[in-house]
Each structure stands twice: as C-alpha cells, then as structure tokens.
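> need a structure here:
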Amino acid sequence: MKVSNSFYTPKAKIKRMAQATIGLFMLCHPLSLGVDTFQKQSGKAFENLPSVTQKITHGLKENVFNDTRGGKTFFYDDSCLQVLKERVLNKQIKPSFSPPINPHFKPYIGDTGHFGSPRPFGRVHLGVDVYASLYGRKPKKPVPVQPVTDGIVVYVEKANPNDNLEPNHVKIMGYDGKIYGYNHLARAEDYSKFKPVTLPELGSEVSTKDTVGYVGATGETAVWHLHMSVCDLDVQKEQVKNPLWQKLHKKHRGYAKPLGQVDPLDSTKAGPVSSALRVYRIDKGPISPMVKEL
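Numbering: from 1, shown residues only. Next up is the predicted model:
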C-alpha cells in the first residue's frame, strides 16, 4: 500500500496529535458529552410533558456512584438539571401541592428540626424534619411518603442493606422547577410483614398520589423521620459564590454542600410547599444566627 508523502508533513503530524488529544479528552470527560447529548436529543422528550417517562432517560446523562461505605446513587449533573428546569418551566404547567405525610398520622416538625436548627461542630440543619411518631420512634406500621407535587425523579440514593451509613433518598424536580428531597426513607426489611415500596427510578414521573417510600431511619440516624428539603437552582448559583457557604462546605463536606437549599416553611423562598407543610404541628426551637448570612 502506497502512503502519500503528505502523511509525513509537519502539518499532518500536528493534525494527528490534535485528533489524539481530543480523543483522549473525550474519553476522560464523558459528562461534558452527556450534557451535549441531552441538549441535542431530549427536545422531543418534553413535547408531551408531563408524559416524559419513557423518553427522558434517553437525553439526560446518568451518573452512577458507588461509595466505599456502601449504597449506590443515580443522579443527573448540574448542567442537565438546568436544562431540564428551563424546559419544564417553558411548558407552564401549574403544579398543585399536598403534604408528604398524610395528616391522619398527626405528623409534626420538632423543635430541633427546623431549617437552621443548630447541629454539632457549627453545622446547621438545611431542611425540615417531619416526625410521624412521638420522639421519632419507629412507627408500628409503615408511614407512606408521597411527593408534595408532581414531577420528575432526578436523584435516587439506595441504602446498603448491611449498614446504616447511606440513606434511602429521593429528589424530585417539580413542574415549578424546584427540587424536593425526601431523605432517610425506610428499607424494605424494616417492614418485612408489609407490602414493600420500591424507590422510583431515575427519570421517572411521579405524582402526589404515588408513594416514594416509608418514613425511616436510614443514613446515620436513629430517629425515624422524614428529612424534607427544597432546593432552588437559581439560589445555588449564589450559594457557590458565598464565602460562608464555601467555608461550611469545606468543613462539613456533603452536609453543607451548596445545592440551593431554602427554608421549606418560608413561602417567599420555597413557594406553595410551605402551606402544605404548615398543616402539621410546628414546635418552636432555636435557630442559628448563621442562617441570616447563608
């Protein structure tokens, strides 16, 4: 086979080196490609919102993270979430809201379970804790947790059945663009005599009539409760620039990662979900002065 002399020219060598470098970069940084794929392919996925279950996973980039402590996490990266939010809002779906735990169980938000409640070593609580039983004892029967509003599952963390280090945790982007988190959900074996609830799959649609889990105590807690969080991606952009957030994140790692957390009981920041949560009894408790600076 005869090779052209142009193959050996300096210009050709530079071109080949550039191609090799680009190939290596693409191999080492698949997330950037995933975002591009989402932006190019997922347009059709949102033509018929809210019926997106079968198509959404074709566009969003799935990350799988296996922690050495056990458990597994499925999630969409920040860039994908931003695009998803824009397309959801463009559909102008007016969401409705309801309590995540049926008021029949007489849930309450304890005096140490508010947004901003002090935690050890200078950490603050970044959600609200909803108790479905007195003092957070294990309920005799499973207490279902339902989404506060219809939306799309954007994060699923599955607990390791052999330890209590990682929680069962689900996050759902509502059709208002905010992300609602449901943490410490029970394991199937916690209520083996009852019908088990399977955590929803990443990218699936859920409604306020669905059950995403039972109130549990997974994830480094002995208290049976629902940790409810509300995150706003626009707020997150400001948090990552905030020196105090940077300091907290560096000190407390994942416990203070800036995700756009807002007080779920603050109607001006969290929106209508605050009314859905205020059907519960709310005990007064101390709030860290640091919250005003966050």
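
> any low-confidence regions in the stretch 51-200 of the chain?
By pLDDT under 70, the weakly predicted segments of the stretch 51-200 of the chain are 51-70.

> how about the helices in it?
53-59, 78-90 (DSSP state H, counting those that start in this stretch).

> what are the ranges of the strands in the stretch 51-200 of the chain?
Here the stretch 51-200 of the chain has its strands, by DSSP state E, counting those that start in this stretch, at 63-66, 72-75, 108-109, 128-131, 144-145, 151-158, 168-174, 179-185.

> And for the closest residue to residue 114 other than its chain neighbours, the neighbour number?
Leaving aside its sequence neighbours, residue 114 sits nearest to residue 285 (C-beta to C-beta, 6 or more residues apart in numbering; 5.7 Å). For the C-beta atoms, the positions are set from N, CA and C on the backbone; glycine is no exception. Using other C-beta atoms under 10 Å, residue 285 is surrounded by 15 other residues.

> Phi and psi next, for residue 285.
Reported as degrees, to the nearest 10, the phi and psi values for residue 285 are phi -160, psi 170.

> so what's it up against?
Shown in contact with residue 285 (C-beta atoms under 8 Å, 6 or more residues apart in numbering): 110-114, 117.

> For residue 210, the count of nearby residues, please.
Residue 210: 16 neighbours (other C-beta under 10 Å).

> you'd agree it is up against residue 198?
No - using C-beta atoms under 8 Å, residue 210 is not in contact with residue 198; the gap is 11.1 Å.

> quick one on the thing from earlier: and the strands of the stretch 51-200 of the chain: which comes nearest residue 102?
For residue 102, the closest of these is strand 144-145, at 7.1 Å, according to C-beta to C-beta.

> Against which helices or strands is the closest one packed?
Packing contacts for strand 144-145, counted by 3 or more C-beta pairs under 8 Å, 6 or more residues apart in numbering; DSSP states H and E, involve strand 213-214.

> Pick out the residue closest to the middle of the chain.
By C-alpha atoms, centre = their mean, the mean C-alpha position of the chain lies nearest to residue 171, the distance being 3.5 Å.

> Tell me what the nearest residue to it once chain neighbours are set aside is bridged to.
Once flanking residues are discounted, residue 171 sits nearest to residue 155: 3.7 Å by C-beta to C-beta, 6+ apart. According to DSSP bridges, the residues that bridge with residue 155 are residue 75, residue 171.

> Residue 155: what's it in contact with?
73-76, 169-171, 179, 181, 202.

> rerun that using 10 Å as the cut-off
Counting by C-beta atoms under 10 Å, 6 or more residues apart in numbering, residue 155 touches 63, 73-76, 81, 169-173, 179, 181, 202, 259.

> Near residue 176, how many other residues are there?
Residue 176, neighbours per other C-beta under 10 Å, totals 20.

> That one and residue 97 touch, don't they?
Yes - under the criterion of C-beta atoms under 10 Å, residue 176 makes contact with residue 97 at 9.0 Å.

> Which neighbours do these two have in common?
Contacts common to residue 176 and residue 97, judged by C-beta under 10 Å, 6+ apart, are 149-150, 271-273.
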